[in-house]
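Engineer: Output the structure for:
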Amino acid sequence: MSERPPINSGQVDWSGENPGLYLKERDDGAFVTLISFFRVVYSPRGRGHALVLVEAPDRAGGGADGLNVCVTDNEAMARWLVSDFATQFSAFRGTKALDSLEYRAFHGASRGGDGIASYTETVTGDGIEARLAWDDLSAPFMVEMPPAQSATGKHEMFSLFVDAGRGSATVNGRPVLGHAVPRDFAGRRSSTAFLAFSETWVVPS
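Structural biologist: Numbering: from 1, shown residues only. Below you'll find the model as predicted:
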C-alpha cells in the first residue's frame, strides 16, 4: 500500500459546510423541494453564506407559494457556487429554477440542536426566514470522493457526512413540501437529508 502524502498538492476551490434537504412527496417521485446551505470559510471569491432554496424546481422564477431564491452575503461567491457546483449536484441537475434564482440579502444564520440526535439551521434574509431541521441523525462517516465520482467530475471532494432519518423545513412559518427519502450515496444506503461538514473541493494537481 502506498503511503498517503501529508500535503494534498491540489488547488482548493472552496471549503466549509454544505448541509442539504432534498425532499420528495413519494419515494419514487420527483423532488419537490431542494435546499442547499453553504457556509464557506474559504474560496477564491471570498467567504460567506448562501442558502439555495428551490420550492418550484421546474419553474423559472417563483411566487409566494413557492420561492426560488438564494439568500447570501457574498453574491459573487453564491453565483459561482450555483453555476459551478449546485447545478452539478445530482438532485439539482436540470432544474430550471437555478437559471433564474432571485438573489436576496442575507441577515444571519444560527445553529441549534445537539448535533448528535438533531441539528437545525435558521437563516434570515430580506423577506425570508427559513428554519431547516435534521432529525434521527446517523453516526458520522468520512467521504473521500475521487473526481470520477464527484458531482463536478473534476474535483476531489472530502467531507464528514451525517445522514438524517427525517428532514424538514419551514419558510416564513409555513412548511415546505416533501420529506427525506433513501438514496444511494457512493455505494452506501444514505438519505436525501444530510449534514456535510468540513467539506472541501480540490482540483487535483
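Engineer: going forward, measure contacts and count neighbours with C-alpha atoms only.
Structural biologist: Fine.
Engineer: burial of the spatially closest residue to Leu137 that is not a sequence neighbour, as a residue count?
Structural biologist: Excluding the flanking residues, the one nearest Leu137 by CA to CA, 6 or more residues apart in numbering is Ala164, at 4.4 Å. Ala164 has 26 neighbouring residues, counting by other CA atoms under 10 Å.
Engineer: and the most centrally placed residue in the chain, how far is that from Ser150?
Structural biologist: What sits nearest the mean C-alpha location of the chain, by CA atoms, centre = their mean, is Ser36, with 2.8 Å. Ser36 sits 17 Å away from Ser150, taking CA to CA, to the nearest Å as the criterion.
Engineer: quick one: buried residues of the longest strand along the chain?
Structural biologist: Within the chain, and with DSSP state E defining each element, the longest strand by residue count is strand 156-171. Residues 156-169, 171 are the ones in strand 156-171 that count as buried (16 or more other CA atoms under 10 Å).
Engineer: for the protein, what spans make up the strands?
Structural biologist: Using DSSP E, strands in the chain cover 11-17, 20-24, 31-42, 48-54, 68-72, 102-112, 118-125, 128-137, 141-145, 156-171, 174-175, 182-185, 188-191, 193-203.
Engineer: In contact with Lys24, which residues?
Structural biologist: Lys24 makes contacts with 30-33, 177-181, as judged by CA atoms under 8 Å, 6 or more residues apart in numbering.
Engineer: hmm, back to that, I'd like to know which elements the longest strand of the chain is packed against.
Structural biologist: strand 20-24, strand 128-137, strand 141-145, strand 188-191, strand 193-203 (3 or more CA pairs under 8 Å, 6 or more residues apart in numbering; DSSP states H and E).
Engineer: ok so, going back, of the strands of the chain, which approaches Arg4 most closely?
Structural biologist: strand 141-145 (12.8 Å; CA to CA).
Engineer: could you give the angle of the closest one to strand 156-171?
Structural biologist: Angle, strand 141-145 to strand 156-171, by axes from the mean of the first three to the mean of the last three CA atoms, to 10 degrees: 120 degrees.
Engineer: Strand 141-145 - contacts with which helices or strands?
Structural biologist: strand 156-171.
Engineer: ok, back up a step: tally of neighbours for the closest residue to the residue nearest to the centre of the chain other than its chain neighbours?
Structural biologist: Setting aside the residues directly before and after it, Ser36 is nearest to Gly20 in space (CA to CA, 6+ apart), at 4.5 Å. For Gly20, the count of nearby residues is 24 (other CA under 10 Å).
Engineer: Residue ranges in this protein under the pLDDT threshold?
Structural biologist: Scanning the chain with the threshold set as pLDDT under 70 gives 1-2, 61-65.
Engineer: do that again at 90, thanks
Structural biologist: For the chain, applying pLDDT under 90 flags the ranges 1-5, 58-66, 186-187.
Engineer: For the closest residue to Ala78 other than its chain neighbours, give the beta-bridge partners.
Structural biologist: Spatial nearest neighbour of Ala78, excluding adjacent residues (CA to CA, 6+ apart): Ala50 at 5.7 Å. With DSSP bridges as the criterion, Ala50 is bridged to Phe38, Thr72.
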